[in-house]
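**Q** Structural data only, the sequence is not supplied:
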């Protein structure tokens, strides 16, 4: 009691700092740091692909800037109260919806999809920022325990999801839509949806995938290429798989890999292939362990949390991170069709980094030690 | 109150059970992924088998190609190709550096990647090495590299027959020309005999080349045919390429303009118009034609390029290459007659002469009065040079159309009737008149009776016709001897520069040079009287000296 009194008397900044989950925070920092190194190595080859000067460190410089923008965002968000987080969630969510709408009308076409929008001279991919805010909004809606209210809020959250997904699928970005739907389904499931409805939900999910397969040509071709590699160009995944085999357990050594010269996405979606080739598969398993350590440490904090909002939102955010890591690694191993999913904190990209820093910021706010909340 | 609380507890229980379930799922996902990653490193990669398509001993060697006299044009030789087995290599970079001293064209970046691969056992380094390269590679003693015997297609005459022979891929499949059209037969080991005469081919190429330089043309092409059989004796399209190195040639040079290009021929088409007028009885050589003013049809005006407005005989109009004259003759034809006549001459359908390249004529289906008149002097319809030559050949030889072909034993239709003997005789006279006194004077060669017709087409550029004097397509079609043609040559020159930008100045001299060189080869003796022997020009012909460009 005297110890806590001592802490309470400290400066608010110190109180916040002491309540922070330092292990998770430094884990994320080290992943970002390693990611920067990996981007630097990958960009040695990717510079050639994009016809950039090989000594320009274009991607490395930009990624450094992204990281230095991400850290204050994480820290700022982690200091917010739960009510503040809800409001922020809705605010960011509305901005993202407007952003996704903007991509449809004035977006830039990159590789056949208009997912980016230019804002103040910076290209942003609003769907990446939508991910955490949609989870927080859903959690805020579903947190109620009043049955009637819950059903009404369930309907609201479903409509919100449908709206976001409609705009996203028009970009088109089916992988992200699938992600939105899956996380939403998990949150609804955890908030106490009756079992009969769970079945309906599953059937709806199957229906969505099947209709995407039949109506969206790029989805169809990706799935077909996955199941029958001979039917089309599976260049990226072939190269990635070969990189994993070439790397072996111990890797070729940093900078010694060759896959980065042949993969245009070596610094983004396929960075895991570069890491595997140069650092080896054991190192990859270590990275995977770091992710799971962060995620399961988070789960242990939110699972039996008294506050249903924190439980639902925290679980959803952790679930997103896990799913994204697993899908990215499985795509590189050619166990799943290509989706355009980045590796959190490691892949190059400003929007993904911004989205992930919001995610982690929320999580660190949720996992702050109880009774030491600021404000 | 109590009820509500119990409900909350129940909800919390459901939540914790369900969340545990999801977490377990995720955990197993992570474990599975981690194990799978380690598995990839621990389980040895399936040893790829050292397999490649072995050349079966029983497979016949690709057949040879010969000219009409049995001269070898294309054959197949055994050569060695260099490959590497990445598993057996010691130091990839060092090996590549060593090999590059012998084979400097190795792609370092691509090869160092594929040679570092653990899943490959066979990587081509360089196909078809020369014997001395093979020896040098053996002397290097690089581990992990080895040779495979392959067959290389060899063309001893290099670019001389380029477009006729075409070429093969590195795997020995025909890709153009006779190599492609007779690929099946050649693969089965059968030899192919062409109608081409290597000697005539060499002379034609030489003449076209020097003529192209003389008139500073962009390109040039020609066809030489025996009008009695429609056998192609020589065919050249410049620029050309060396089929021994087909892949390295510039793409533009692959195009065989003599069979694959369709062009508006211009005035040489007047031969067809006059032949039809004669055959169908509308005109004879002395028929007067009204050429006193340009011909106006609706909003079109037909005019001559070098007008001499007066009433002239059909012979004179032809000699002066009057568009108005030709248009007036064609205007006498019945509706549809011109189309039927062109069809009989094979000008309206795609033509297969035994090459892979099948040229297609270009024309609109509309065939009204205006079209008939412009087509009478070779505008508004584009045909291939071989079609043109075969059409002229039918009219100057025996009046029958014979399917042109370049391969001996080519499967084709029987000759078909086009015009009668009287028309043939008359057209021969008209052609001789052009060379004696008309636009083809510069084709005249002492000792030989030549006939021919010039053509100058303005190239159509961006929908209209170029009025630029340097954008013509000049041509000359000629026969020798004109009283019983044994050789027919069509020579076309693309964009000759002024002042030699007309058919008479750009193409006719090349015909004369060609005849001067080849007539003795095909057994045509110059007709020379003792009186002629005093002439300087005649002396040179008799002594079989090639006339060195008096122009």
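**A** Arrived safely, thanks for sending. Because the structure is predicted, anything quoted here is derived from the model rather than measured.
**Q** so who does residue A:325 touch?
**A** Listed by Cβ atoms under 8 Å, 6 or more residues apart in numbering or on different chains, the contact set of residue A:325 reads A:288, A:291, A:343-344. C-betas here are computed from N, CA, C, even on glycine.
**Q** cool, residue B:409 as well?
**A** Counting by Cβ under 8 Å, 6+ apart, residue B:409 touches residue B:193.
**Q** Most neighbours among the contacts of residue A:325, please name it.
**A** Greatest neighbour count in those, by other Cβ atoms under 10 Å in any protein chain shown, goes to residue A:343: 27 neighbours.
**Q** neighbours of the residue nearest to that residue when sequence neighbours are not counted, just the number please.
**A** Excluding its sequence neighbours, the residue lying closest to residue A:343 (Cβ to Cβ, 6 or more residues apart in numbering or on different chains) is residue A:328, at 4.5 Å. For residue A:328, the count of nearby residues is 23 (other Cβ under 10 Å).
**Q** Residue A:328 sits in which helix or strand?
**A** Under the criterion of DSSP states H and E, residue A:328 resides in helix A:308-332.
**Q** And the average pLDDT for that helix is what?
**A** Averaging pLDDT along helix A:308-332 yields 92.
**Q** how far is that helix from where the chain is centred?
**A** What separates the centre of helix A:308-332 from the centre of its chain is 7 Å, taken as Cα atoms, centre = their mean, to the nearest Å.
**Q** Which helix or strand lies directly C-terminal to that helix?
**A** helix A:350-366.
**Q** near chain B at all, stretch A:178-198?
**A** Yes: applying Cβ under 8 Å from any Cβ of the partner chain, one finds stretch A:178-198 touching chain B at A:186, A:189-192.
**Q** any idea of the mean pLDDT for that stretch?
**A** Stretch A:178-198 shows a mean pLDDT of 88.
**Q** contact partners of it?
**A** Residues contacting stretch A:178-198 (Cβ under 8 Å, 6+ apart): A:130-131, A:134-135, A:138-139, A:142-143, A:150, A:154, A:157, A:161, A:164-165, A:168, A:201, A:205, A:208-209, A:308, A:311-312, A:315-316, A:319-320, A:323-324, A:339, A:341, B:11, B:14-15, B:18-19, B:22.
**Q** Test my guess that residue A:317 contacts residue A:135.
**A** Yes: the criterion here is Cβ atoms under 8 Å, and residue A:317 meets it with residue A:135 at 5.6 Å.
**Q** Give me every residue in the stretch 1-150 of chain A that's in contact range of chain B.
**A** With Cβ under 8 Å from any Cβ as the criterion, the stretch 1-150 of chain A meets chain B at residues A:145, A:147.
**Q** which stretches of the stretch 1-150 of chain A have low pLDDT?
**A** Flagging of the stretch 1-150 of chain A using pLDDT under 70 yields the residue ranges A:1-10, A:48-56, A:106-123.
**Q** In it, what residue comes closest to chain B?
**A** Using Cβ to the nearest Cβ, residue A:145 is the residue of the stretch 1-150 of chain A that sits closest to chain B, at 5.2 Å.
**Q** Tell me which helix or strand residue A:97 sits in.
**A** Assessed by DSSP H and E, residue A:97 sits inside helix A:82-106.
**Q** Quick check: buried residues in that helix?
**A** Across helix A:82-106, burial judged by 16 or more other Cβ atoms under 10 Å in any protein chain shown covers A:85-86, A:88-89, A:92-93, A:96-97, A:99-100, A:102-103.
**Q** if you look at the residues of stretch A:178-198 next to chain B, which of them are in helices?
**A** Using DSSP state H, the subset of the residues of stretch A:178-198 next to chain B located in helices is A:186, A:189-190.
**Q** Would you quantify the distance from residue B:406 to residue B:197?
**A** Residue B:406 sits 11 Å away from residue B:197, taking Cβ to Cβ, to the nearest Å as the criterion.
**Q** Redo the buried residues of helix A:82-106 as a markdown table? Include distance to residue B:295.
**A** As requested, these are exported to a markdown table (distance: Cβ to Cβ, whole Å):
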| residue | distance to residue B:295 |
| --- | --- |
| A:85 | 90 |
| A:86 | 89 |
| A:88 | 86 |
| A:89 | 85 |
| A:92 | 80 |
| A:93 | 79 |
| A:96 | 74 |
| A:97 | 73 |
| A:99 | 70 |
| A:100 | 69 |
| A:102 | 65 |
| A:103 | 64 |
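**Q** Closest one of those to residue A:46?
**A** The closest of these to residue A:46 turns out to be residue A:103 (Cβ to Cβ; 24.3 Å).
**Q** how about the residue in the stretch 151-300 of chain B that chain A sits nearest to, secondary structure?
**A** Nearest to chain A, among the residues of the stretch 151-300 of chain B, is residue B:171, at 20.6 Å (Cβ to the nearest Cβ). Here residue B:171 is recorded as coil under DSSP: H, G, I helix; E, B strand; the rest coil.
**Q** Pull out the buried residues from the contacts of stretch A:178-198.
**A** Buried by 16+ other Cβ under 10 Å: A:130-131, A:134-135, A:138-139, A:142-143, A:150, A:154, A:157, A:161, A:164-165, A:168, A:201, A:208, A:308, A:311-312, A:315-316, A:319-320, A:323-324, A:339, A:341, B:11, B:14-15, B:18-19, B:22, out of these.
**Q** Am I right that residue B:242 is in contact with residue B:161?
**A** No: if you go by Cβ under 8 Å, residue B:242 and residue B:161 don't touch, sitting 10.5 Å apart.
**Q** Look at the two and report which has more neighbours.
**A** Between residue B:242 and residue B:161, counting by other Cβ under 10 Å, residue B:161 is the more crowded of the two (28 against 16).
**Q** between the helix ranked longest in chain B and helix A:308-332, how big is the angle?
**A** If you go by DSSP H, chain B has its longest helix at helix B:2-42. With axes from the mean of the first three to the mean of the last three Cα atoms, to 10 degrees as the basis, helix B:2-42 and helix A:308-332 are set at 20 degrees to each other.
**Q** Mind checking the pLDDT average for helix B:2-42?
**A** 82.
**Q** The following helix or strand past that helix: partners in the sheet, and parallel or antiparallel?
**A** Where DSSP H and E defines the elements, the next helix or strand beyond helix B:2-42 is strand B:65-66. In its sheet, strand B:65-66 lies beside strand B:72-84 (antiparallel), strand B:192-193 (parallel), with partners assigned from DSSP bridges.
**Q** which residues does residue B:101 contact?
**A** Residues in contact with residue B:101, defined by Cβ under 8 Å, 6+ apart, are B:136, B:140.
**Q** now swap in residue A:164 and tell me
**A** Contacts for residue A:164 were tallied using Cβ under 8 Å, 6+ apart; they are A:97, A:100, A:130, A:134, A:180.
**Q** List, one by one, the residues from the stretch 201-350 of chain A near chain B.
**A** Selection of the stretch 201-350 of chain A residues close to chain B by Cβ under 8 Å from any Cβ yields A:242, A:244-249, A:258, A:261-262, A:276, A:280-282, A:284-285, A:288-289, A:291-292, A:295-296, A:299, A:303-304, A:308, A:311, A:315, A:319, A:322-323, A:326, A:329-330, A:333, A:335.
**Q** Could you turn the buried ones of the residues you listed into a PyMOL selection?
**A** Buried residues among those (16+ other Cβ under 10 Å), as a PyMOL selection:
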select buried, chain A and resi 242+244+245+246+247+248+258+261+262+276+280+281+284+285+288+291+292+295+296+299+303+308+311+315+319+322+323+326+329+330+333+335
